[in-house]
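Trainee: Sequence below, structure please.
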Amino acid sequence: MSHESRRLAGILLVIFPTVIYGGVTLLRMLIDQQSGYIQNPLRQDLWRAGHAHAGVLLILSLVVLRYVDEATLSDRLRGFVRHATPAAAILLPLAYFLSVLSPTATEPNALIYLAFVGAVVLAAGLITLGVGLLRKPGMIRESQRAASSRPEA
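Mentor: Residues are numbered from 1 along each chain as shown. Model prediction:
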């Protein structure tokens, strides 16, 4: 595992307890009738989705880090792949939580569109990683060598 992947894995593991804290917070709001959480089904659904996405995407981020260094990708694309899933793990829950911040919200506000941004970033990172894993090892060096051997016009 590269130094970059190892460092990011450490950071993700250190911040993972925030997801645990979020679960405890949701449980507390379910128990506390005064929180207004139980009376708002939309808020329940979106906050539950936000919490679930945060946990699953952080775990997926750790899985991605085990594969990114094996992929036939440029250093720049490896950096993108390393950070795409953790970025989605922030953007998607943020969209769900902040779009119904008010206990009386009856519809999500415009921040829900961050979910689409997070989904695009996630898909781009995963597709890039998948293609990098399917590519033949050494393809990047071969393409760079071919580009440098072309005569300049």
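Trainee: low-scoring stretches of this structure, by residue?
Mentor: For the chain, applying pLDDT under 70 flags the ranges 138-153.
Trainee: hey, where'd the helices end up in it?
Mentor: 3-15, 17-31, 41-68, 75-98, 114-134, 139-149 (DSSP state H).
Trainee: Check these for me and report the most buried one.
Mentor: helix 75-98 (a mean of 20; mean count of other C-beta atoms under 10 Å). Placement of C-beta: from N, CA and C, glycine included.
Trainee: Which other helices and strands does that one contact?
Mentor: helix 3-15, helix 41-68, helix 114-134 (3 or more C-beta pairs under 8 Å, 6 or more residues apart in numbering; DSSP states H and E).
Trainee: Pull out the CA atoms of that helix and give them to me as PDB.
Mentor: Listed next in PDB are the C-alpha coordinates belonging to helix 75-98 (Å, rounded to 0.1, in the frame of the first residue of the first chain):
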ATOM      1  CA  ASP A  75      -0.600   9.500 -10.300                       C
ATOM      2  CA  ARG A  76      -3.100  12.200 -10.900                       C
ATOM      3  CA  LEU A  77      -6.000   9.700 -11.500                       C
ATOM      4  CA  ARG A  78      -4.900   7.600  -8.500                       C
ATOM      5  CA  GLY A  79      -5.200  10.800  -6.400                       C
ATOM      6  CA  PHE A  80      -8.700  11.400  -7.800                       C
ATOM      7  CA  VAL A  81      -9.800   7.900  -7.100                       C
ATOM      8  CA  ARG A  82      -8.400   7.900  -3.600                       C
ATOM      9  CA  HIS A  83     -10.400  11.000  -2.700                       C
ATOM     10  CA  ALA A  84     -13.600  10.500  -4.800                       C
ATOM     11  CA  THR A  85     -15.300   8.000  -2.500                       C
ATOM     12  CA  PRO A  86     -14.500   9.900   0.800                       C
ATOM     13  CA  ALA A  87     -15.800  13.100  -1.000                       C
ATOM     14  CA  ALA A  88     -19.000  11.300  -1.800                       C
ATOM     15  CA  ALA A  89     -19.200  10.100   1.800                       C
ATOM     16  CA  ILE A  90     -19.300  13.700   2.800                       C
ATOM     17  CA  LEU A  91     -21.500  15.200   0.000                       C
ATOM     18  CA  LEU A  92     -24.300  12.600   0.000                       C
ATOM     19  CA  PRO A  93     -25.000  12.700   3.800                       C
ATOM     20  CA  LEU A  94     -24.600  16.400   3.900                       C
ATOM     21  CA  ALA A  95     -27.300  16.800   1.200                       C
ATOM     22  CA  TYR A  96     -29.600  14.500   3.200                       C
ATOM     23  CA  PHE A  97     -29.000  16.100   6.600                       C
ATOM     24  CA  LEU A  98     -29.000  19.800   5.500                       C
END
